[in-house]
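J.: Here is a sequence together with a model predicted from it:
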Number of protein chains: 2
Amino acid sequence: MGNSKLYKGSLSTIILKLLSETEKMYGYEITQKVKILSHGELTITEGALYPALHKLEAEGFLEVEVVKVDNRFRKYYKLTEKGATETTSKLEELNDYIKTMQALMSPSFNLQ
Amino acid sequence: MGNSKLYKGSLSTIILKLLSETEKMYGYEITQKVKILSHGELTITEGALYPALHKLEAEGFLEVEVVKVDNRFRKYYKLTEKGATETTSKLEELNDYIKTMQALMSPSFNLQ
DNA sequence: CTTCATGCCTAAGAAAATTATGTATACATT
DNA sequence: AATGTATACATAATTTTCTTAGGCATGAAG
């Protein structure tokens, strides 16, 4: 377990998708959720996550709300409208990629 | 067409898989085959392909045979034994990744 | 004689990870 | 009291792997 490789380019799609379902989440929560949903197959490193969140925010896809909980602060992220649109297009892109890869991996299904 | 994004990390898997089916191929041939199999969805740029081929060769996964055809030379690549093993593990890795992504993208299927 | 297809190549730069830290709180264990 | 683990944020250096943009050469078609 814990060894499914993260293909570069898919992290932002994962973040957006999770936020399209949970309204608002903070970074650490995202890493835990990914572990659970992937049954321990995928670990999001913090060195990848936080820069990705900051970039999505800078692009206007996420907005932040800082909340103090138990004397610790959390930065909750949620989708903007622009971010919701982006999520749709990222998901489509991922599905296209998976279809394309399956076509390449199963060439016998593609003889015309 | 021609806009399916190449997720970083998948190119070597594509090359290995194609070579596991066609015995020997040269670079240009690989770019054309990918276009056909992906129905024009995916274009492998030469700037990505040739360095990737050289790396796979350096790692001992491919071996080269230079052939002169029509006064032009071609570099045919074929899998080594080590390369065949690597292909199997790369394909498994890709399948795991796709399964994991589908789990993340369809969380309703993952409630325990 | 210019363009397109075939066929190889590399260099500069960007994108997006990994790896390795650093900071801080709080709780449990030794 | 000291250490480790979990929570929670962050950045810096490095590596991997692309994209973009070019170069070189042959041969056919226009």
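T.: Received the coordinates, thanks.

J.: excluding its backbone neighbours, what's nearest the residue in chain A positioned nearest to chain B?
T.: Closest approach between chain A and chain B, counting by C-beta to the nearest C-beta: residue A:8, at 3.4 Å. Heads up, the C-betas are built off the backbone N, CA and C, glycines and all. What sits nearest to residue A:8 in space, not counting adjacent residues and going by C-beta to C-beta, 6 or more residues apart in numbering or on different chains, is residue B:8, at 3.4 Å.

J.: again with residue A:12
T.: Going by C-beta to C-beta, 6+ apart, residue A:12 has residue A:52 as its nearest residue, at 5.7 Å.

J.: so which helix or strand takes in that neighbour?
T.: Per DSSP states H and E, residue A:52 falls inside helix A:46-58.

J.: In a helix, residue A:14, correct?
T.: Yes - under DSSP: H, G, I helix; E, B strand; the rest coil, residue A:14 sits within a helix.

J.: you'd agree it is up against residue A:33?
T.: No - the pair residue A:14 / residue A:33 is not scored as a contact, 9.6 Å apart, by C-beta atoms under 8 Å.

J.: Look at the two and report which has more neighbours.
T.: Neighbour count, other C-beta atoms under 10 Å in any protein chain shown: between residue A:14 and residue A:33, residue A:14 has more, with 25 against 18.

J.: Contact partners for the residue nearest to that one when sequence neighbours are not counted?
T.: Excluding its sequence neighbours, the residue lying closest to residue A:14 (C-beta to C-beta, 6+ apart) is residue B:104, at 5.7 Å. Residue B:104 is in contact with A:14, A:17, A:18, A:34, A:37, A:38, A:42, counting by C-beta atoms under 8 Å, 6 or more residues apart in numbering or on different chains.

J.: Show me the residues you listed that map onto helices.
T.: Counting by DSSP state H, the part of these found in helices is A:14, A:17, A:18, A:34, A:37.

J.: With pLDDT and distance to residue B:4 added, can I get these in CSV?
T.: Shown next, in CSV, are the ones in helices among the contacts of residue B:104 (pLDDT from 0 to 100; distance: C-beta to C-beta, whole Å):
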residue, pLDDT, distance to residue B:4
A:14, 98, 19
A:17, 97, 19
A:18, 97, 23
A:34, 96, 24
A:37, 94, 25
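
J.: between the residues you listed, which is nearest residue B:90?
T.: Nearest to residue B:90 out of the ones in helices among the contacts of residue B:104 is residue A:14 (C-beta to C-beta; 21.4 Å).

J.: now the closest one: how far from residue A:38?
T.: 9 Å (C-beta to C-beta, to the nearest Å).

J.: How about residue A:4?
T.: Taking C-beta to C-beta, one finds residue A:4 at 7 Å from residue A:38.
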